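**Q** Let me see the structure of the following:
(2 chains, ligands or ions: 1)
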Amino acid sequence: MAYRRRRRSFPRRKVCRFCADSNVKIDYKDPKLLKYFITERGKIIPRRISGNCARHQREITMAIKRARHIALMPYTTIQPH
Amino acid sequence: MRRYETLFIVTPDSSEEELKAVADKFQGVVTGMDGKVASYDEQGKKSLAYNVKKQSKGYYVLMDYLAQAEVVAELERNMRLDDRILKYLTVKLADDVDPASVEAVKPKPKKEAEKTEVAEEEAQSPEAQESEEEETEEETEEE
Ligand SMILES: [Zn+2]
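**A** Numbering: from 1, shown residues only, chains lettered A, B, ... in the order given. Presented below is the predicted three-dimensional model:
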């Protein structure tokens, strides 16, 4: 099929995990959580893959961009291999 | 007043004294302009996701405070000019916060400083504890 081969297991869910579990807070100071939503090159995973709803994808994107600014997460990884 | 938090990175070659000086300086900026520091959390040395000012590590500090918008500008101006600060990020947490509803936690950073001192003491002088134990042992033997 036309699916792209995935090197890393992305959280692929039918339901947005943040809607399913309201205990999980999206925080730019929590790179451990946010790293599930970036590729190994550091790009933000689109919500058609991550399964997030629009609202939570927006929050994730905001948090990742803040985390990048304060060097908790990379803008890019030049040598992933 | 508004509630803000500023996360900033202090250069990794800072000493304990320098970290304390940084804490006093920036908390002083907030309190000096009638702001209120709710917490000052030194999160320790972390490695950076990319090099900042040629440093690959830094001390992360999170300061939570109530203040007017001008205070943020002044705080960030001070951080920009301070060579010990690699980077900073300020986020507004809430508008129109009643200052009375939030406790100013000034002794908190001091407590944290004490904790680190205690940890050092433990590392430096295990003998003190041992000697105490020996004394109690001797007492029981005499009985
Ligand atoms: Zn959602």
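**Q** Could you list the residues of chain B in contact with chain A?
**A** B:7-9, B:46, B:48-50, B:52, B:58, B:62, B:86-89, B:91 (CB under 8 Å from any CB of the partner chain). From N, CA and C alone the C-beta is placed, and that goes for glycine too.
**Q** Can you say which of those are buried?
**A** In those, burial by neighbour count holds for B:Leu7, B:Phe8, B:Ile9, B:Leu48, B:Ala49, B:Val52, B:Gly58, B:Leu86, B:Lys87, B:Tyr88, B:Leu89, counting by 16 or more other CB atoms under 10 Å in any protein chain shown.
**Q** Including secondary structure, pLDDT and distance to B:Lys36, could these go into TSV?
**A** Formatted as TSV, those follow (DSSP: H, G, I helix; E, B strand; the rest coil; pLDDT from 0 to 100; distance: CB to CB, whole Å):
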residue	secondary structure	pLDDT	distance to B:Lys36
B:Leu7	strand	98	18
B:Phe8	strand	98	18
B:Ile9	strand	98	24
B:Leu48	strand	97	30
B:Ala49	strand	96	32
B:Val52	strand	96	29
B:Gly58	strand	97	26
B:Leu86	strand	98	26
B:Lys87	strand	97	24
B:Tyr88	strand	98	19
B:Leu89	strand	98	20
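**Q** of all the residues you listed, which comes closest to A:Lys25?
**A** Nearest to A:Lys25 among those, counting by CB to CB, is B:Leu7 at 15.8 Å.
**Q** check contacts around that closest one.
**A** B:Leu7 is in contact with A:Lys29, A:Ile70, B:Tyr60, B:Val61, B:Leu62, B:Met63, B:Tyr88, B:Leu89, B:Val91, counting by CB atoms under 8 Å, 6 or more residues apart in numbering or on different chains.
**Q** any low-confidence regions in chain A?
**A** Residue ranges of chain A with pLDDT under 70: A:1-14, A:79-81.
**Q** Make sure B:Val71 is actually in contact with B:Lys36.
**A** No. Using CB atoms under 8 Å, B:Val71 is not in contact with B:Lys36; the gap is 10.1 Å.
**Q** Find residues that contact each of these two.
**A** Any residue near both B:Val71 and B:Lys36 by CB under 8 Å, 6+ apart counts here, and that gives B:Val30, B:Tyr65.
**Q** Please name the spatially closest residue to B:Val102 (chain neighbours excluded).
**A** Once flanking residues are discounted, B:Val102 sits nearest to B:Ala38: 5.2 Å by CB to CB, 6 or more residues apart in numbering or on different chains.
**Q** and what of A:Ala63?
**A** Closest to A:Ala63 by CB to CB, 6+ apart is A:Tyr28, at 4.2 Å.
**Q** secondary structure element for the one you found?
**A** According to DSSP states H and E, A:Tyr28 maps onto no helix or strand at all.
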